[in-house]
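Visitor: Take this sequence and fold it.
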Amino acid sequence: MKYRIGIDVGGTFTDFLLTDQEGNSSVYKTLSTPSDPTIGFFNGLTEMAQDYQMDLKEFIQKIELIVHGTTVGTNATLTYNGAKTALLTTKGFRDTLEMRQGLRPDAYNNQYVSPKAFVPRHLRLGIEERVDYKGQEVAPLSEQDIHDAIDYIREQGVEAIAISFMHSYANGEHELRAGEIVREKLPHHYVTLSSQLVPRSRLYDRTSTTVLNSYIGPIIQNYLTNLTRKLEDYCFDGTLLIMQSNGGVATPAATILKAANTLLSGPASAPVAGSWYLKPHGIMDALTMDMGGTSFDVALIKDGYPLIRTEGEIADWPISLPTVDIHTIGSGGGSIAWVDEGGLLHVGPQSAGAYPGPVCYGFGAELPTVTDANLVLGYLNPNYFLGGKMKLDVEQAKQAIKKQVADKLGLSVEEAAQGIIDMVNVNMANGIREISTKRGYDPREFPLVCAGGAGPLHAAAIAEELDSTLVVIPKESSIFCAAGMLMSDLRHDFVKVNRASTREIELDQISDIFQQLEDQGAKVLSGDSVREEEMQFQYSLDMMYVGQYFQVNVPFTAEEMKTITITYIEEKFHKWHDQLFGYSTPEMEVEIVNFNLSALGITKKPNMKHTEYRSNSAEHAYKGKRPMSLGDHGKLVETPVYDGEVLVHGNHISGPAIIEQKVTTIIVSAYFNVICDKNDNYIMYSKKMDTEAVKHFIEENRGVIYE
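Guide: Have a look, this model is predicted:
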């Protein structure tokens, strides 16, 4: 038997999904180990080996694929613990990182202070050289400046170098030569060239991305080298792939070269998983929500694929690389509840993290969290957390909420706990509106796919806040990102800057540019051992009205590309512009700025095991009752509890109810019912929904949906 494993290192837990060739799957969780994430990585593998009655080496030899998402680079960036980095840039532009785009993120906040640059000014070195926007040389490269910079870099103990010259996207020869000299003289230093990493216009964005890549490059390199060596010590001969911010996966070697692609990789797999779980039901559009210990991540799936942005952001620094369009807020199970000097309740963004964690964990924490409030309100079973492996202390949670929140607000402990939960639910609903309403989509038209260890606790309340009628909760929801990693394809992104008006450019020119990008993509995929029949390409154009500053990324399918016309390109741009900004001006001239292509290598997906329809009755899963809040000022009401581990296809539960699994708990409010689909996932639907609209989630023409 061979195994495939998805591993997602989160802020609090490291999640594992183990699948075999027959479609069976198992979920594992271990506490994350921030000081050395490989410890949590191998702790999980050890636990699996024990469950399968094998020693670790024997078990690892049976693994054919590991897909791993890592926050190593993200943590280094957020804590300013990356490598000591130098920047070589065109003389006169060393302060680009400080000047940024010349705009304040908050236009009316005259006290806004930009974040500290990752490269201090004395390590930003100007090099005599210049090319113009057409790629023509204006001033030759001074190789003496490069040699002088290398001498200075040696003296300063620099570990990584970023090279970003003016207009190198149009002509990268100066960067290439500078890179050759640096690598020859400093062979052990990590080097990034902007023309190879992100050949886009806009110097600041390109330089920021290049600097970030070098800043975390040695960290990612050391981590993956160490991880690979440890796996080799156990004779691992399978494939290791690393999750990328664009929703795809890449080899460790490719990841080391483009380390910045991992900065937003953790949440990027969630919408991939969401799309996978919805496919059996023919649903192509959805909103995914992933609530973990430290954050709440939301993404939108349209036509079966997550929305992609051509740029992202981390710690207020732009990343001009394609990323899954994810909105993140500091709301998780570990988010700390606190009362400010004005007597107002807040939840987050501060998090208790993996250690000390929530007060109820018993690790010495004193500040109450969302998890503590969930425990006090009866949503969590103190004796069944992580399947009983971890006991939760209700009394400590109550005392913390009393001291830090209830007494300060003049409330009972239960009322204060309910206030914490209500506030975090509203915050998360607003987070979903950011990714839907502000992108021109009505969230009521999209099913919610709920994930994360804490997500199912809050899904019903969030759906009610949004007036959503359908929520899909996969059985593996607590390790959703780990599941998505096993469903992701190899992906490489390419871009070509070619500014041209749609009134002037010819269709043949567009086809030729995309063909050049396809050839590049096919070559890289071939290097990853991807066969031609397994290759797919996705296309998009960055466009804007002439004179605008901001661009709109307009995607095109392979089918659209077969019959595309200039008129069609313009019409689709007007449509997308109207959807995003509420207006379009078809009489204005449209300009194409960037040609984007994503080259996909379609990977083998886990088997999705379908089960036979059993029965509507869930009596066999009934565990009894326990007091739980129904949202009425924390008043606890006896509520039926069901064992989610034994619920199967067709089983129906009417809310209010509690469904317990080893690694998550699902709260079904009085507004919803739940039914198990043919993959044993939970479909939570509004009692207002037409019964016929729910029947396709169970075996056709079988069973009755009870109200």
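
Visitor: Tell me where the model's unsure across the protein.
Guide: Applying pLDDT under 70 to the chain flags the ranges 11-12, 354, 690-693, 696, 698-707.

Visitor: out of everything not next to it in sequence, what's closest to the residue nearest to the spatial centre of the chain?
Guide: In the chain, the residue lying closest to the centroid (CA atoms, centre = their mean) is residue 267, at 1.7 Å. Sequence neighbours aside, residue 297 is the residue nearest to residue 267 in space, at 3.9 Å (criterion: CB to CB, 6 or more residues apart in numbering). For glycine as for every other residue, the C-beta is placed from the backbone atoms N, C-alpha and C.

Visitor: which element is the one you found on?
Guide: Taking DSSP states H and E as the definition, one finds residue 297 inside strand 296-302.

Visitor: who does the next helix or strand after that strand touch, helix- and strand-wise?
Guide: As assigned by DSSP H and E, the chain's next helix or strand after strand 296-302 is strand 305-306. When contacts are defined as 3 or more CB pairs under 8 Å, 6 or more residues apart in numbering; DSSP states H and E, strand 305-306 packs onto helix 265-278.

Visitor: now the helix it packs on against strand 296-302, angle please.
Guide: For helix 265-278 against strand 296-302, the angle by axes from the mean of the first three to the mean of the last three CA atoms, to 10 degrees is 50 degrees.

Visitor: Only the buried residues of helix 265-278, if you could.
Guide: By 16 or more other CB atoms under 10 Å, the buried positions in helix 265-278 come out as 265-278.

Visitor: Run the chain-centre distance for that helix.
Guide: Between the centre of helix 265-278 and the centre of its chain there are 8 Å (CA atoms, centre = their mean, to the nearest Å).

Visitor: Strand partners (parallel or antiparallel) of the next helix or strand after that helix?
Guide: Next helix or strand after helix 265-278 toward the C-terminus (DSSP H and E): strand 286-291. According to DSSP bridges, strand 286-291 forms sheet pairs with strand 296-302 (antiparallel), strand 448-451 (parallel).

Visitor: Can you say which of these is packed in most?
Guide: Highest mean neighbour count among the strands paired with strand 286-291 (mean count of other CB atoms under 10 Å): strand 448-451, with a mean of 30.

Visitor: quick one: contacts of the helix or strand just after that strand?
Guide: Using DSSP H and E, the helix or strand that follows strand 448-451 in sequence is helix 455-466. Helix 455-466 has contacts (CB atoms under 8 Å, 6 or more residues apart in numbering) with 289-291, 374, 379-380, 421-422, 424-426, 428-429, 432-433, 443-444, 448, 450, 468-469, 471, 473, 477-478, 480, 631, 655, 659, 664-669, 671-672, 682, 684, 686.

Visitor: Stretch 309-321 too?
Guide: Contacts of stretch 309-321 (CB under 8 Å, 6+ apart): 74, 77-78, 105, 114-115, 118, 197-198, 200, 202, 204-206, 208-209, 212, 245-246, 258, 260-261, 263-264, 322-325, 493, 495, 540, 542, 551, 553, 594, 596.

Visitor: sorry, back to before: let's have the strands paired with strand 286-291 in TSV, adding distance to residue 399.
Guide: Below are the strands paired with strand 286-291 laid out as TSV (distance: least, CB to CB, whole Å):
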stretch	distance to residue 399
strand 296-302	27
strand 448-451	31
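
Visitor: follow-up on the earlier one: out of the buried residues of helix 265-278, who's nearest residue 220?
Guide: Closest approach to residue 220 among the buried residues of helix 265-278 (CB to CB): residue 265, at 10.6 Å.

Visitor: Quick one: the strands in the stretch 51-200 of the chain, in order.
Guide: Assigned by DSSP state E, counting those that start in this stretch, the stretch 51-200 of the chain shows strands spanning 63-69, 85-90, 124-127, 130-131, 137-139, 160-164, 190-193.

Visitor: Pick the most deeply packed of those.
Guide: Buried most deeply of the strands of the stretch 51-200 of the chain, by mean count of other CB under 10 Å, is strand 160-164, with a mean of 29.

Visitor: elements contacting that strand?
Guide: Where contact means 3+ CB pairs under 8 Å, 6+ apart, strand 160-164 is packed against strand 85-90, helix 173-185, strand 190-193, helix 194-197, helix 203-233.

Visitor: how about JSON lines for the ones you listed, with distance to residue 98 added?
Guide: Converted to JSON lines, the helices and strands packed on strand 160-164 look like this (distance: least, CB to CB, whole Å):
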{"stretch": "strand 85-90", "distance to residue 98": "12"}
{"stretch": "helix 173-185", "distance to residue 98": "22"}
{"stretch": "strand 190-193", "distance to residue 98": "20"}
{"stretch": "helix 194-197", "distance to residue 98": "18"}
{"stretch": "helix 203-233", "distance to residue 98": "10"}
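
Visitor: which of the ones you listed is buried the deepest?
Guide: strand 85-90 (a mean of 26).

Visitor: which outside residues touch that strand?
Guide: 94, 96-97, 118-119, 123-127, 129-130, 146, 149, 153, 156, 158-166, 178, 182, 207, 210-211, 214-215.
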